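Trainee: this is a predicted model, with the sequence first.
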There are 2 protein chains.
Amino acid sequence: MSSENKPSQEEILEKLYAIRRSIDNIDAALVHMLAERFKFTQEVGALKASGGLPPSDPEREKEQIARLKELAIESHLDPEFAEKFLNFVIAEVIHHHEQHLN
Amino acid sequence: MSSENKPSQEEILEKLYAIRRSIDNIDAALVHMLAERFKFTQEVGALKASGGLPPSDPEREKEQIARLKELAIESHLDPEFAEKFLNFVIAEVIHHHEQHLN
């Protein structure tokens, strides 16, 4: 890397702030989609309760993890992270259901 | 709730499968957006390294958490979950940066 072509501190900060604005947009979208996802899982919880179905479905979870890992690979995301992410979200779903039961 | 209007098991399962398809769509969107987010944070890491800036910025993180909590409240998502979520994602970003440094 030639030091003559090195961007100035100002250019670096400008670029940094621009990327942060993109990250902020993505985070807003993530939060809104997570909110929508929890609305659906609450509906699932109520449906399962009304049908006398067990709250958790390990077979369904296995399929979800396998599918998300594939999607992660396609989009160059670490598949292990995709699995951790789904487990993180599912833990929150279980936490919601427990709160509703108590 | 009148037992006469109770939906049949078949109706419950049909509704359940329909909601699961929506959850699967949301999860695919979440994975793709997370992939995009990590592309940006990798760029941020490289920029900071080139400008001799410290990898973490606690002030920025505080602002991100405050903003996401507000967005969570607006979209009826638990603000504590939004904070946990951001911390979960930031932990992965740090993990990425450490991998690149080693």
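Mentor: Yep, that arrived. Residues are numbered from 1 along each chain as shown, chains lettered A, B, ... in the order given.

Trainee: and the spatially most central residue of chain A, helix, strand or coil?
Mentor: By Cα atoms, centre = their mean, chain A has its centre lying nearest to A:F85, at 5.6 Å. Of the three states, A:F85 takes helix according to DSSP: H, G, I helix; E, B strand; the rest coil.

Trainee: could you find the closest non-adjacent residue to it?
Mentor: With sequence-adjacent residues excluded and distances taken as Cβ to Cβ, 6 or more residues apart in numbering or on different chains, A:F85 is closest to B:L34, at 6.8 Å. Where you see a C-beta, it was placed from the backbone N, CA and C, and this is true even at glycine.

Trainee: my read is that that neighbour contacts A:M33, right?
Mentor: No: the criterion here is Cβ atoms under 8 Å, and B:L34 misses it with A:M33 at 10.6 Å.

Trainee: these two: which is more packed in?
Mentor: Neighbours were counted for B:L34 and for A:M33 using other Cβ atoms under 10 Å in any protein chain shown; B:L34 has more, 21 against 18.

Trainee: quickly note the distance from that one to A:R21.
Mentor: Between B:L34 and A:R21 the computed distance is 18 Å (Cβ to Cβ, to the nearest Å).

Trainee: same check on A:G45?
Mentor: Applying Cβ to Cβ, the value for A:G45 to A:R21 is 37 Å.

Trainee: those two - which one has more neighbours?
Mentor: Set A:G45 next to A:R21 and count neighbours by other Cβ under 10 Å: A:G45 wins out with 18 against 10.
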